[in-house]
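show me how the following folds:
(chains A, B and C)
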Amino acid sequence: MARRGKPVIAILTDFGYRDHYAGAMKGVIASIAPSAQVIDITHGVPPQSIVAGALALRESWRHFPRDTIFLAVVDPGVGTARKPIAIETRAGARFVGPDNGVLALAADEARIARVVSLQSARYRAARVSSTFHGRDIFAPAAAWLARGVGLGSFGPGLARIHQLRLPCPEVSQARIRGEVIYVDGFGNLVTNISRTSIELLQTSFPSDGLLVRLKNGAAMRIVGTYADADGPLATFGSFELVEIAVRNGDASRYFDAAAGASVTVTPGTARRAKRS
Amino acid sequence: MARRGKPVIAILTDFGYRDHYAGAMKGVIASIAPSAQVIDITHGVPPQSIVAGALALRESWRHFPRDTIFLAVVDPGVGTARKPIAIETRAGARFVGPDNGVLALAADEARIARVVSLQSARYRAARVSSTFHGRDIFAPAAAWLARGVGLGSFGPGLARIHQLRLPCPEVSQARIRGEVIYVDGFGNLVTNISRTSIELLQTSFPSDGLLVRLKNGAAMRIVGTYADADGPLATFGSFELVEIAVRNGDASRYFDAAAGASVTVTPGTARRAKRS
Amino acid sequence: MARRGKPVIAILTDFGYRDHYAGAMKGVIASIAPSAQVIDITHGVPPQSIVAGALALRESWRHFPRDTIFLAVVDPGVGTARKPIAIETRAGARFVGPDNGVLALAADEARIARVVSLQSARYRAARVSSTFHGRDIFAPAAAWLARGVGLGSFGPGLARIHQLRLPCPEVSQARIRGEVIYVDGFGNLVTNISRTSIELLQTSFPSDGLLVRLKNGAAMRIVGTYADADGPLATFGSFELVEIAVRNGDASRYFDAAAGASVTVTPGTARRAKRS
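Just a heads-up that it's a prediction; the model follows:
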C-alpha cells in the first residue's frame, strides 16, 4: 500500500440520497479539514438498521488505506443517552459514530486499542441539535481527528463499547442451521454461515455434496459464482459467507425472503443437476 | 473555520442516481477546474421540485466553507426564457443555477450582493443543448468561477432574482395553523412553523403545554428528540422547524400525509401521556 | 481544457446505493493510488443491464478530462470466462471493465488503440473472489493505471473486444421505425433515432412537419425543449437522439412504455396544435 499524505474520511450512513443530510456533513468536514479526502461508502443503509450498517462497515474497512477515519452514522437513538464515541484500533483504522453497535463488528476485527466518549464542546458544533448529531458531533469529530487532534482531547476514555450480537448458526455433525442476515441491493441473501463451517461439514461427508435449503424450499448446490447455475444458487459471496442468489434475478423476490429467513445446509445430492 | 486553498463546488440537483447526468456535470467541472473539490449535496431532490431543492440548499449552505460555489440545478423550465444566473453574496457563498427560485432561500440568507445573467458564450459549452443546461451552462459557469473568472465576465447584471414564496403559517393569539412543506427520506414531516412562533405561543400560555395536530388527527406534544416518544411525536428537527416524526417509523406513511397537509398548534394537555 | 496533474478515475457501475460495494472499490483505489481523483458517474445503472451501462458511458466519456480512466462494472457474468480488460484509445481515454460490451460504445467513439486482458496477478487483489471482480480486479487495475503502470504490464494483448449491437432503426424514404433503447430516471424515453436520420427525412418532405408515434399512439411533433409542449412531446435530448417526454411528468408511466417499445416517425401534421 502506498503511504499517503492526505487523511481519508470514509462515510457510511442511513441518511439516504434524497435529502441534504449527507451533504451537510460533508460541508462540515470541508470547513474543518479542507485537505481531507472524503469517500462515501454508502448513505443507503436501510433506515435505522444498525445490523446492516455494522455489516457494511465490517465488509469495507479493510479495503481502505490504513489510517482511514470511518464515520458511521446509523443512529435511531439520536439525542438519547447512547454515547457518541471514537475508537482507535491496532490495525490503524479509526471509527467515529454512536455507541449502539454500528461500529462494533468492524472495530473488533481491527482490534480496539482505545475508546473515548465525544464530550468536548471544543470539537462539536457551537450549537448541537437534538436530531442531527451526524452534522453537529460526529462529522466535526472525524474532521478534527483528520486535522491531527489526539483521541484523548475529545473526552474521557471508555472501558468498552456496545457489542452487536449477530445470530449464530447451529452447527451439528450432520447439519448447519443458520439464517439470512443481510439482503443486498441485487436481492442476494447473505447468511450467517461461514466458509469455514461449510468446509468442516464437507470434511465429515467427503463423498456427498452439500445442499442448501432456504425455508425448506428446493435444495441448491454450492457453486463457484453467480453464473454457474441457471436459476437459484448458493455460493460464497464477497462476504465469505453462504449467499443465495438467482442468476440474472433477485433472490429476495424469487423466494419472498428477508433477513431472518431460516437456511439449512445438509449433506446430499441435489435432484436438480448442476449446470457445468 | 480553516482557510483553504482549493475552491469547493457543492452540487445539488434533481437528476437522480440512475443516469449519468450528474456524472457528466462532474466531468465538465474536472475538465475546466481540475483543482476544484466537488462535493455532492444531493442529486435526489424530488424531480422538478423547486421548493424541495430550495429548502435543501437553504439548510446546507452555511455548513460549507465560506467561499463555496453552490451549483443547484432543479430546472423544469430548461431551454425556456428563465435565465441562467450566478449570485455573489455578502456571506461569501456564490450560487449558480436557473433563476426559478431554487437559489432564492439560500441566497437571501447569505445576503445577495450581485447577480448576473450567464450569457457569455466563452464560459459555456461550445454547443449548448436545449435539454441539459446543467452540463452545458451551469457546470461550466461554476467551474470558471472556481478558476477565478470574475462574476462580471459572465454576462450583464440583474437587479433582482426570482423569489420563492413558502406558505406562511397563520399565527393568532391562541393558535398557529401551518402546513407540511417538506417530507424527508425518513418520512419526517417538516412544517413551516418556526421555533420562534412556538416560543411566542408558549409565552401566552405558560401553564399549559402545546399540542400539535396533523390534519385534525391525534394530538402530539413537542418533545426533545425522536427517541422521546413511543409512536408519533413533534419535535424541532434540524431545520429548526416543527417536525412530525414516528419513532423508528415513517410519519409520512403513518399519517398518509404529504407536503401541503395542514398542521395546527394549540395550548392544551395531550391525553396520551408523555413517555419520559 | 486545462492540463491536470492528478489522474482522474471515473466510475460507473450497477452496484446501486444501498450496499458498500461501490465504497469498497473506492477504498481499494485510495489504497493503491492515493493521489487519484475519483468521480462517480453513477452506480445506478439498472442491475445487470449492459446496454444501459454502455449508453451511459458513451454519453459521459467525452465530458471528462482527456486522460481519464473509466472504470465500468456491469458484470452479470462475473467469475465466468468473459475477460477482464483494459483499453487505450486515440482520444486519450482509458477504459477498464469486463469484456461483455459495456465498454464497447464509448471505446469505439474514442477509437481503440490497444486492448489487454487483465491477467497479471501483480495488479490484482492478493485473493480474488469469484463474485466481486469490481473490487478485486477492476478497481486495482484502474488504480495501477493511474499510478502510471503501462498497459502492457497487465497481461497479453487482445485483437478485439466484445461488440455491443444496439438495435438499428429501419429507415425508408417515407418513414423511420425505431425503438426505445433507454429510459432515464425522469421517465424520458430515449430512442435509437438520430438527429441526422430525422434531418434526412425532413429534407424529403420539406413542406410537412414530422410526427413521432409511440406504439401507434397519439402523434407528437418534435419540439425544441421539454417546456415547449403541455403534455407529451418529442425532442432531441442530451443524447442527440429522439426522446419522448411529458412536460413535468414521466413519459414511461404516461405511456406505460419501456425499452423495446416501437417508435415511428412519418411526415404529416399533428392534430394537436403545437403550443408556442
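
which element is the residue of the stretch 151-276 of chain A found nearest chain B on?
The minimum distance from the stretch 151-276 of chain A to chain B, using C-beta to the nearest C-beta, falls at residue A:185 (11.6 Å). Any C-beta I mention is one placed from the backbone N, CA and C, and that applies to glycine too. For residue A:185, there is no host helix or strand (DSSP states H and E).

tell me the contacts of it?
Contacts were defined as C-beta atoms under 8 Å, 6 or more residues apart in numbering or on different chains; by that measure residue A:185 touches A:44, C:15, C:16, C:17, C:18, C:19, C:21, C:47.

please redo it, this time with the cut-off set to 10 Å
The contact partners of residue A:185, taken as C-beta atoms under 10 Å, 6 or more residues apart in numbering or on different chains, are A:42, A:44, A:250, A:252, C:14-19, C:21, C:43-44, C:47.

where does it land on pLDDT?
Per-residue pLDDT puts residue A:185 at 92.

show me the shaky parts of the stretch 1-150 of chain A.
The model of the stretch 1-150 of chain A has pLDDT under 70 over residues A:1-4.

what parts of it come near chain C?
Counting by C-beta under 10 Å from any C-beta of the partner chain, the residues of the stretch 1-150 of chain A close to chain C are A:1-6, A:8, A:10-12, A:16-17, A:37, A:39-46, A:52-53, A:55-66, A:68.

also near chain B: which of these, exactly?
Residues of the residues of the stretch 1-150 of chain A next to chain C in contact with chain B (C-beta under 10 Å from any C-beta): A:16, A:17, A:37, A:40, A:43, A:44.

thought residue A:24 was touching the fifth one, still the case?
Think residue A:43. No. Applying C-beta atoms under 10 Å, one finds residue A:43 not in contact with residue A:24, separated by 11.8 Å.

which single residue of chain A ends up nearest chain C?
For chain A, C-beta to the nearest C-beta, closest residue to chain C: residue A:225, 2.7 Å.

give me the nearest residue to that residue, chain neighbours excluded.
Distances taken as C-beta to C-beta, 6 or more residues apart in numbering or on different chains put residue C:79 closest to residue A:225, at 2.7 Å, once the chain neighbours are dropped.

now the one you found: how far from residue A:257?
Relative to residue A:257, residue C:79 is positioned 23 Å away (C-beta to C-beta, to the nearest Å).

and for residue A:63?
28 Å.

which one of these two is surrounded by more residues?
residue A:63 (23 against 20; other C-beta atoms under 10 Å in any protein chain shown).

chain neighbours aside, what residue packs nearest to the more buried one?
In space, residue A:63 is closest to residue C:27, 3.7 Å off (C-beta to C-beta, 6+ apart).

look at the one you found and give its secondary structure.
helix (DSSP: H, G, I helix; E, B strand; the rest coil).

quick check: it touching residue A:56?
No. The pair residue C:27 / residue A:56 is not scored as a contact, 12.0 Å apart, by C-beta under 10 Å.

neighbour count winner among the two?
Taking neighbours as other C-beta under 10 Å, residue C:27 and residue A:56 compare with residue A:56 leading, 29 against 24.

from the residues of the stretch 1-150 of chain A next to chain C, which land in strands?
A:8, A:10, A:11, A:12, A:37, A:39, A:40, A:41, A:42 (DSSP state E).

how far away is the closest residue to chain B within the stretch 51-200 of chain A from residue B:199?
The nearest approach of the stretch 51-200 of chain A to chain B comes at residue A:79, 2.8 Å away (C-beta to the nearest C-beta). Distance, residue A:79 to residue B:199, using C-beta to C-beta: 19 Å.

higher neighbour count, these two?
Neighbours were tallied for residue A:79 and for residue B:199 using other C-beta under 10 Å; the higher tally belongs to residue A:79 (19 against 10).

pretty sure the more buried one sits in a strand.
No. Secondary structure of residue A:79 (three-state DSSP): coil, not part of a strand.

residues in contact with it?
A:128-133, B:223-228, B:235.

need phi/psi at it.
phi 90, psi -10 (degrees, to the nearest 10).

for chain B, what are the nearby residues on the stretch 51-200 of chain A?
Contact residues (C-beta under 10 Å from any C-beta) of the stretch 51-200 of chain A with chain B: A:75-82, A:125, A:127, A:129-136, A:139, A:143, A:147.

please pick the buried ones from those residues.
When those are checked for burial by 16 or more other C-beta atoms under 10 Å in any protein chain shown, the buried set is A:75-80, A:82, A:125, A:129-136, A:139, A:143.

now the helices for the stretch 151-276 of chain A?
Secondary structure of the stretch 151-276 of chain A by DSSP state H, counting those that start in this stretch: the helices cover A:195-204, A:251-254.

which of the ones you listed sits most buried?
helix A:251-254 (a mean of 18; mean count of other C-beta atoms under 10 Å in any protein chain shown).

that one close to chain C?
No. Helix A:251-254 is not in contact with chain C by C-beta under 10 Å from any C-beta; minimum separation 11.7 Å.

pLDDT value on residue A:228, please?
pLDDT, read off for residue A:228, is 81.

mean pLDDT for the helices of the stretch 151-276 of chain A: which is lowest?
Among the helices of the stretch 151-276 of chain A, helix A:195-204 carries the lowest mean pLDDT (a mean of 88).

do that helix and chain C meet?
No. For helix A:195-204, no contact with chain C is found by C-beta under 10 Å from any C-beta; the gap never falls below 11.0 Å.

what is that helix packed up against?
With contacts taken as 3 or more C-beta pairs under 10 Å, 6 or more residues apart in numbering or on different chains; DSSP states H and E, helix A:195-204 sits against strand A:170-172, strand A:175-183, strand A:209-214, strand A:219-223, strand A:232-236, strand A:241-246, strand A:262-268.

now the angle from it to strand A:232-236?
Counting by axes from the mean of the first three to the mean of the last three C-alpha atoms, to 10 degrees, helix A:195-204 points 100 degrees away from the direction of strand A:232-236.

so helix A:195-204 versus strand A:262-268, what angle?
30 degrees.

on that earlier part again, tell me the most buried of the helices and strands packed on helix A:195-204?
Mean neighbour count (mean count of other C-beta under 10 Å) peaks for strand A:241-246 among the helices and strands packed on helix A:195-204, with a mean of 25.

distance check, residue A:134 against residue B:71.
Counting by C-beta to C-beta, the gap from residue A:134 to residue B:71 is 23 Å.

and residue A:159, by the same measure?
Distance, residue A:159 to residue B:71, by C-beta to C-beta: 47 Å.

what do you get for residue A:128?
29 Å.

and these two? which has more neighbours close in?
Taking other C-beta under 10 Å, residue A:128 and residue B:71 do not tie; residue B:71 has more neighbours (27 against 15).
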